[in-house]
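Colleague: Got a predicted structure here, sequence first:
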Amino acid sequence: MAASDALALARSAVAAQRWREACDRFAEAGSTLVGGLTGPDLELFATSLFLRGRCEPSFDALTAAHEYWIARDDALGAARTAGRLALELLEAGEVARTASWAAQGTRLIDRLAEPDSLGGFVALVPAALTAMFVGDIDDAVRRFDEIAVIAERTGDRELAAHAAFGRGKSLTTIGRTAEGFASLDRMMAILAEGEVSPTTTCVFYRATLDIALEGFDLDRAEAWTDSFARWCLPQPELIAYSGQCHAYRAQLLLLHGEWAEAAGAAALAEERLRAGDFTAGFVADYQLAELHRLRGEFRRSEDHYRRAAQSGWDPQPGLALLLAAAGDPGAAQKMIRRSSAGAGEATRRRLLPAVVDIEIVTGDVAAARRAADDLNELRRSTPTPTPLLVATAIAADAHVLLAEGDAPKALEAAERARSAWSALNFPFEEARCRELLGRVHAARTDSDAASTEFEAARAVFLALGARPALTALAELTGDRTAGVLTPREVEVLRLVSTGLTNRAVGARLSLSEKTVARHLSNIFGKLGLSSRSAATAYAYQHGLL
């Protein structure tokens, strides 16, 4: 194929967001053209490579584009590519190289008589983002406001998106959530116009979804996740950020009790991570770890939390909750205290519900009370608290009230929390409140009410496959089957343990031999057994014979 034909196909592929084809065609053209690709084509090639998850080749292409413009004494093109390198290196975690390219871009901007929006992009955006990331929020907001003024004057929508994003992120970080989310809403409206580059679009979706979830804003998290998924859907060749999109879906599906679907979305996220989505390194592994933790697959859960940590982020509160569930609450307490003590305000808010749970398990009710009070103060100080924040704060208060021995107030709070979780369609959290209500009724010696709540919680835990929650409930209620088997499975286990064949068990229970075999397979899977003799030993140890 002629180089000109390959270039035409490459440009067409970029326009149609066929990123793999664009990479292949640009590479083909570049290898045959005398002198290689031009600056504009190198920039398009860099975009295609970046979105395919090939960071270093992308940076090499952008560097070549920068050199192309330098050789032609084109300060505008050179400044633009330097600015892109600074921002994309920052996204990839290359802080030192980011600073070098930002400085280079600023020097080039100084040579331009009228830098306008490019000056804002190259000279101000990296500096504003750096101020935000190091915690100098006042300086960051001031810089983003300057950027917004330039964007308004020049009509540059990409620059306007940067200004709105940066201001929103900065304000939510310091607890000014209403103002911050209003700014992020403006940024999302700009993305919807389709006038922002693909790379910037991906970066902003990723970051704003984190902000929404940290800010307990479920409505925005769900709307923005759907929007991100719709944006990714027509781009099957997109690698970078696509894994994150699946991971965010997994997180929401998990919250809504759709654990099988969540597992599928998390698996897709992991697949994209392996395919080269460098941005999914933390979130994909973290969501897989959460699934395994809630299902009681502790070894696999720990493995994914460790992988998440290797990406440079703190895998909390999940890892601490895993330690508590696995029987080491002391280590969990040390870990969650260390993480929350050194966290910024936004991150600490996200950790507080786990702090409450872990401090109660370790018996430090006073520490649990402080964490619950912090959550409730956040709720009271927020002009319009989100339903998720309200449910989280009330549930935390209910757990602490029971630990403090105030059963009447705990009963009232637990009822309110259960209703709030039900309205959000969070079945696991609602079931946890049903269990709490059972404990409150038991403390008030109302055994019938307690039994009703415990059974309701057990049914949900069983349907979800939440083995640790089932086991904890079983220990609370004295259920000898460890809370993991259905009544029919208990009957099958009892009969199998007496030495009966599957056919004989089926005859006793009016079941087919095939149905008995399926029940037995489920029993083996739930209890981690591998043979009939092991099942017999289990039944004997747990008083089923």
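Modeller: Arrived safely, thanks for sending.
Colleague: and the next element down the chain from the helix or strand of the chain with the lowest mean pLDDT?
Modeller: Ranked by mean pLDDT, DSSP states H and E, the weakest helix or strand in the chain is helix 116-119, scoring a mean of 72. Later in the chain than helix 116-119, the nearest helix or strand by DSSP states H and E is helix 125-133.
Colleague: Show me what the helix or strand just after that next one packs onto, helices and strands only.
Modeller: Scanning the chain past helix 125-133 towards its C-terminal end, the next helix or strand to appear is helix 137-154 (assignment: DSSP H and E). In terms of contact count using 3 or more CB pairs under 8 Å, 6 or more residues apart in numbering; DSSP states H and E, helix 137-154 is assigned the packing partners helix 116-119, helix 125-133, helix 157-173. Using the backbone N, CA and C atoms, a C-beta is placed for each residue, glycine as well.
Colleague: Where among those helices is average confidence lowest?
Modeller: Lowest mean pLDDT within those: helix 116-119, a mean of 72.
Colleague: Among the helices and strands packed on helix 137-154, which comes closest to Ala269?
Modeller: The closest approach between Ala269 and any of these, judged by CB to CB, belongs to helix 157-173 at 23.0 Å.
Colleague: Next, the angle from the helix or strand just after that closest one to helix 137-154.
Modeller: Helices and strands here follow DSSP H and E; after helix 157-173, the next one along the chain is helix 177-192. Comparing the axes of helix 177-192 and helix 137-154 via axes from the mean of the first three to the mean of the last three CA atoms, to 10 degrees yields an angle of 40 degrees.
Colleague: The chain should start at 598 in everything you say after this.
Modeller: Right, with 598 as the first residue, what we last looked at is helix 774-789.
Colleague: gap between helix 774-789 and the chain center?
Modeller: A distance of 20 Å separates the centroid of the chain from that of helix 774-789, by CA atoms, centre = their mean, to the nearest Å.
Colleague: what is the mean pLDDT for the helix or strand just after it?
Modeller: Following helix 774-789 in sequence order, the next helix or strand is helix 795-811 (DSSP H and E). Rounded to a whole number, the mean pLDDT of helix 795-811 is 91.
Colleague: So which elements touch helix 795-811?
Modeller: The elements that helix 795-811 packs onto, with contact taken as 3+ CB pairs under 8 Å, 6+ apart, are helix 636-648, helix 754-770, helix 774-789, helix 815-829, helix 839-852, helix 942-959.
Colleague: out of the ones you listed, nearest to Ala1131?
Modeller: Across the helices and strands packed on helix 795-811, the minimum distance to Ala1131, taken as CB to CB, is reached by helix 942-959, at 30.4 Å.
Colleague: one step back: make a markdown table from the helices and strands packed on helix 734-751 and add distance to Arg946 to it.
Modeller: Converted to a markdown table, these look like this (distance: least, CB to CB, whole Å):
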| stretch | distance to Arg946 |
| --- | --- |
| helix 713-716 | 35 |
| helix 722-730 | 18 |
| helix 754-770 | 10 |
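Colleague: most packed of these?
Modeller: Greatest average neighbour count among the helices and strands packed on helix 734-751 goes to helix 754-770 (a mean of 25), per mean count of other CB atoms under 10 Å.
Colleague: Would you mind pulling up the elements that the helix or strand that contains Ala866 packs against?
Modeller: Element membership of Ala866, judged by DSSP H and E, is helix 856-872. Packing contacts for helix 856-872, counted by 3+ CB pairs under 8 Å, 6+ apart, involve helix 839-852, helix 880-892.
Colleague: so which of the ones you listed gets nearest Ala826?
Modeller: Comparing the helices and strands packed on helix 856-872 under CB to CB, the one sitting nearest is helix 839-852, at 5.7 Å.
Colleague: Run the angle between that closest one and helix 636-648 for me.
Modeller: 30 degrees.
Colleague: which of the residues in helix 839-852 are buried?
Modeller: Applying a neighbour-count criterion of 16 or more other CB atoms under 10 Å, the buried positions in helix 839-852 are 839-852.
Colleague: go on, stretch 1037-1045?
Modeller: Of the residues in stretch 1037-1045, those scored as buried under the neighbour-count criterion (16+ other CB under 10 Å) are Val1037, His1038, Ala1039.
Colleague: can you check stretch 615-634 too?
Modeller: By neighbour count on 16+ other CB under 10 Å, the buried set for stretch 615-634 is 615-616, 618-627, 634.
Colleague: Which of these lies at the shortest distance from Glu899?
Modeller: Minimum distance to Glu899 across these is 35.0 Å, recorded for Trp616 (CB to CB).
Colleague: and of the helices and strands packed on helix 734-751, who's closest to Leu810?
Modeller: With CB to CB, the closest approach to Leu810 among these belongs to helix 754-770: 11.3 Å.
Colleague: Which strands and helices lie in contact with the closest one?
Modeller: With contacts defined as 3+ CB pairs under 8 Å, 6+ apart, the secondary structure elements packing on helix 754-770 are helix 722-730, helix 734-751, helix 774-789, helix 795-811, helix 942-959.
Colleague: and those as CSV, adding distance to His901?
Modeller: Conversion of those to CSV gives the following (distance: least, CB to CB, whole Å):
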stretch, distance to His901
helix 722-730, 26
helix 734-751, 33
helix 774-789, 29
helix 795-811, 18
helix 942-959, 17
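Colleague: mind checking which of those helices is nearest Gln701?
Modeller: Closest of those to Gln701 is helix 722-730, at 10.8 Å (criterion: CB to CB).
Colleague: May I have the closest one exported as CSV, CA atoms only?
Modeller: What follows is helix 722-730, C-alpha atoms only, in CSV (Å, rounded to 0.1, in the frame of the first residue of the first chain):
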residue,chain,number,x,y,z
VAL,A,722,-3.2,23.9,33.4
PRO,A,723,-0.2,21.8,34.5
ALA,A,724,0.6,24.3,37.3
ALA,A,725,-3.0,24.4,38.5
LEU,A,726,-3.3,20.6,38.5
THR,A,727,0.0,20.4,40.4
ALA,A,728,-1.2,22.9,43.0
MET,A,729,-4.4,20.8,43.4
PHE,A,730,-2.5,17.5,43.8
